[in-house]
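Colleague: after the sequence you'll find the predicted model.
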Amino acid sequence: MPRRRETILAALHARLQTLAVPVLRGEVVPERIPAAGLINLRDGKPGEPEVTMSPLTYFYEHRAELEVVIQAGTGRDALFDALTADIGAALAADRTLGGLCDWVEAEAPEPVDLAVEGAASLKAAVITVVLHYSLADPLG
């Protein structure tokens, strides 16, 4: 049975699967990006928890990362903007991932344009998604 942290990350991945683009998890970004774009969820870092002693509880602000990539000759900016808005709407639709988290929020992206020799340019960003949750055991 998966532990709670894995269950939360799997729920985030499932929530993103509702979008109209492929959503990978922890994979190498392919050489060819689909026309609608691509999202790759990285597990990120749980960080140092705040701890209460009675009852013993570890409060995390886990920082998962979404690698968002658009490849297009024209309209790249509009496609990127639409995809990031769709990500925001998907997260806002269920801020607790079905009650698994206390709160889920995304940070603003810092997009970069990347030239690709012999192909359409890329627009990409890493969007940090902060997952607020608590555990009774840091390995649980």
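Modeller: Looks like it arrived, so ask away.
Colleague: quick one: contacts of stretch 133-140?
Modeller: 3-5, 8, 49, 55-60, 62, 100-102 (Cβ atoms under 8 Å, 6 or more residues apart in numbering). Using the backbone N, CA and C atoms, a C-beta is placed for each residue, glycine as well.
Colleague: each with direction, which strands does the lengthiest strand in the chain pair with?
Modeller: Scanning the chain for the strand with the most residues, using DSSP state E, yields strand 56-71. Take DSSP bridges as the rule and strand 56-71 pairs in its sheet with strand 38-45 (antiparallel), strand 50-53 (antiparallel), strand 122-135 (antiparallel).
Colleague: want to throw those strands into TSV with distance to residue 87, mean pLDDT and mean neighbour count?
Modeller: Listed next are the strands paired with strand 56-71 as TSV, based on distance: least, Cβ to Cβ, whole Å; pLDDT from 0 to 100; neighbours: other Cβ atoms under 10 Å:
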stretch	distance to residue 87	mean pLDDT	mean neighbour count
strand 38-45	7	97	18
strand 50-53	27	96	10
strand 122-135	7	97	19
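Colleague: now stretch 69-76 - C-alpha only, PDB.
Modeller: Presented in PDB, the C-alpha positions along stretch 69-76 are these (Å, rounded to 0.1, in the frame of the first residue of the first chain):
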ATOM      1  CA  VAL A  69       6.700  22.800 -22.300                       C
ATOM      2  CA  ILE A  70       5.100  24.200 -25.500                       C
ATOM      3  CA  GLN A  71       6.700  23.900 -28.900                       C
ATOM      4  CA  ALA A  72       5.200  25.900 -31.700                       C
ATOM      5  CA  GLY A  73       6.400  28.100 -34.600                       C
ATOM      6  CA  THR A  74       3.700  30.700 -33.900                       C
ATOM      7  CA  GLY A  75       1.200  31.300 -31.100                       C
ATOM      8  CA  ARG A  76       3.600  29.800 -28.500                       C
END
